[in-house]
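*Asks:* attaching a predicted model along with its sequence, questions to come.
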Amino acid sequence: MIKDNQKYFNRLHLLVDAIVVVISYLLAWYIKFCTIFADTEPGAGALDMRTYFSFLYFVIPEYIVLYYFFNMYAPKRATRRKYEIEAIIKANTVGIVVFIVFLYFIHQNHFSRFMMGAFFLVNIIATTICRTMIRNLLLYFRKKGYNLKYMLLVGYSRAAEEYITRINANPQWGYVVRGILDDRIPSGTIYKGVKVVGRVENIRYILPENKLDEIAITLSLKDYDHLEYIVDLCEKSGVHTKFIPDYNSLVPSHPYTEDLMGLPVINIRYVPLTNTLNWVAKRAVDIIGSSLGILISSPIMIITALAIRFTSRGPVIFKQERVGLHNKVFHMYKFRTMELQKASVEEKAWTVKDDPRVTRIGKFLRRTSLDELPQLFNILLGEMSLVGPRPERPQFVEKFKEEIPRYMIKHQVRPGLTGWAQVNGYRGDTSIRKRIEYDLFYIENWTMSMDIKIMLLTLFKGFVNKNAY
């Protein structure tokens, strides 16, 4: 049983981390004082070897505590490796800052800064290598049938099926589902090798007889009136119990909870840009980016304006109503790429391949996305952002919100000049559903680094677009 040996494994993990910290510290000292980086003539106040090593009495417990606070001792079966590496970097960054503050408070001004930097880098590298080796070792044992977690699912639902699918697709996690208990599905029903073994009430007899590491409650939404009773049954067993809600169709990604004076409140959807600091940071980038964009592209815009003026009749700038943040309608600006037409005709449909309404210069502007440059002024005015879901016309918003689930969520953020859907090829005459799928991913997973990535992808591959007609 995993739970019988987990505490020993955790203690061993802690000991290994302590040893890695010591080795990294000693190696940093060696690099500084016993290699080409060593000072030939130590200056006044230089510390001796014993003094340097005495600081290990502070450094070792400091890093172990920080590793604990950064959840580096939590089970990592289903955690992606990149998140563990991020935790190692964060813990070491905080660790070196705390160490510097500690040295300041004890008035120790002669500790080598070079050694601090060397320790910081060496410890990150050594800890990452060590943790990777442990992961690979555990993976090897799990493939051999050791270090497995045996589970029982209570309730047959979409959540149960998705859970089983993920477990089967990731054998390195080491989970084994013994069976499913359900009152509606007949015993003997099998889903991807996992059998329904009885009714929920049978948990009273199964738990004493089977050695289980975990119980997962995967009830269908229509059975939630029995949830309290089933949780009580599971907790009486003393086996670790987890709850996998069957609301993927309602909440497809990252719900989050808040505490309302002891009452947990589940927010259906987490939108990072509702955070004030995130909003301010993104708006600052928009102002700076659009200002620079206008300045740099002004010669191109002037040439484009002249080309449009001398090759077709009508205004240079085309403005069109679009739906933006909080469903507010604004006028989006573009260089005109089509022949003049009545508004009633223009509103009926968007441009398709070989559209006769598109002018000769318009085809080039659409293909290269240069017709979008006037939207830099929309961004400067705060109506749009450099990165975000592309805005749509009001009549199509009314149509799509009835046809496409969660379509209106895109209006919880400012629309963008470019976006995650666009750099993945979904613009112009492409699937609206796929565009919304990519837009929702962006909205719920926004980071500043993601915006930078999208802008770079737009620069390198987004201007020339085969789907722009």
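*Replies:* Right, received. Where do you want to start?

*Asks:* so where's the stretch 1-150 of the chain shaky on pLDDT?
*Replies:* Within the stretch 1-150 of the chain, the segments meeting pLDDT under 70 span 1-8, 10, 38-46, 75-79.

*Asks:* go with 90
*Replies:* Along the stretch 1-150 of the chain, the parts satisfying pLDDT under 90 run over 1-14, 32-51, 68-87, 104, 106-113, 131-150.

*Asks:* repeat for the stretch 351-469 of the chain
*Replies:* 351-370, 400-409, 422-434, 437, 440, 444-445, 458-469.

*Asks:* what segments of it are strands?
*Replies:* Along the stretch 351-469 of the chain, the segments classed as strands by DSSP state E, counting those that start in this stretch run 385-387, 416-418.

*Asks:* most packed of those?
*Replies:* Ranked by mean neighbour count under mean count of other CB atoms under 10 Å, the strands of the stretch 351-469 of the chain are led by strand 385-387, which reaches a mean of 27. Every residue, glycine included, has its C-beta placed from N, CA and C.

*Asks:* other SSEs contacting that one?
*Replies:* With contacts taken as 3 or more CB pairs under 8 Å, 6 or more residues apart in numbering; DSSP states H and E, strand 385-387 sits against helix 276-311, strand 416-418, helix 448-457.

*Asks:* helices or strands next to the longest one in the packing?
*Replies:* What that stands for is helix 276-311. Looks like helix 276-311 contacts strand 329-335, helix 360-368, helix 375-380, strand 385-387, helix 448-457 (3+ CB pairs under 8 Å, 6+ apart).

*Asks:* if we can go back for a sec, can I get the helices and strands packed on strand 385-387 in CSV with distance to Asp48?
*Replies:* What follows is the helices and strands packed on strand 385-387, written out as CSV (distance: least, CB to CB, whole Å):
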stretch, distance to Asp48
helix 276-311, 46
strand 416-418, 59
helix 448-457, 44
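
*Asks:* just name the most buried of the ones you listed.
*Replies:* strand 416-418 (a mean of 25).

*Asks:* specify the beta-bridge partners of Thr241.
*Replies:* Using DSSP bridges, the beta-bridge partners of Thr241 come out as Ile215.

*Asks:* OK, contacts around it?
*Replies:* Glu214, Ile215, Ala216, Ile217, Val231, Cys234, Glu235 (CB atoms under 8 Å, 6 or more residues apart in numbering).

*Asks:* surely the first one is in contact with Phe243?
*Replies:* Translated: Glu214. No - with contact defined as CB atoms under 8 Å, Glu214 does not count as touching Phe243 (11.4 Å).

*Asks:* what about the two, which has more around it?
*Replies:* More neighbours surround Glu214 than the other of Glu214 and Phe243, with 18 against 15 (other CB atoms under 10 Å).

*Asks:* the more buried one: what's it in contact with?
*Replies:* Neighbour list for Glu214: Lys149, Tyr150, Met151, Leu152, Val239, His240, Thr241, Lys242 [criterion: CB under 8 Å, 6+ apart].

*Asks:* please dump the contacts of Thr241 into CSV; it should also carry pLDDT and distance to Ile134 for every row.
*Replies:* Formatted as CSV, the contacts of Thr241 follow (pLDDT from 0 to 100; distance: CB to CB, whole Å):
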residue, pLDDT, distance to Ile134
Glu214, 84, 21
Ile215, 87, 27
Ala216, 89, 25
Ile217, 88, 31
Val231, 80, 34
Cys234, 74, 31
Glu235, 71, 32
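
*Asks:* between the contacts of Glu214, which is nearest Asp183?
*Replies:* Leu152 (14.9 Å; CB to CB).

*Asks:* by contact count, what packs against the helix or strand hosting the closest one?
*Replies:* Here Leu152, judged by DSSP states H and E, is contained in strand 149-154. Judged by 3+ CB pairs under 8 Å, 6+ apart, strand 149-154 is in contact with helix 158-169, strand 175-181, helix 203-209, strand 214-217.

*Asks:* run through the residues that contact the spatially closest residue to Phe243 that is not a sequence neighbour.
*Replies:* Ranked by CB to CB, 6 or more residues apart in numbering and with sequence neighbours excluded, the top spatial neighbour of Phe243 is Ile217, at 4.8 Å. Neighbouring residues of Ile217 by CB under 8 Å, 6+ apart: Leu153, Val154, Gly155, Leu227, Ile230, Val231, Cys234, Thr241, Lys242, Phe243, Ile244.
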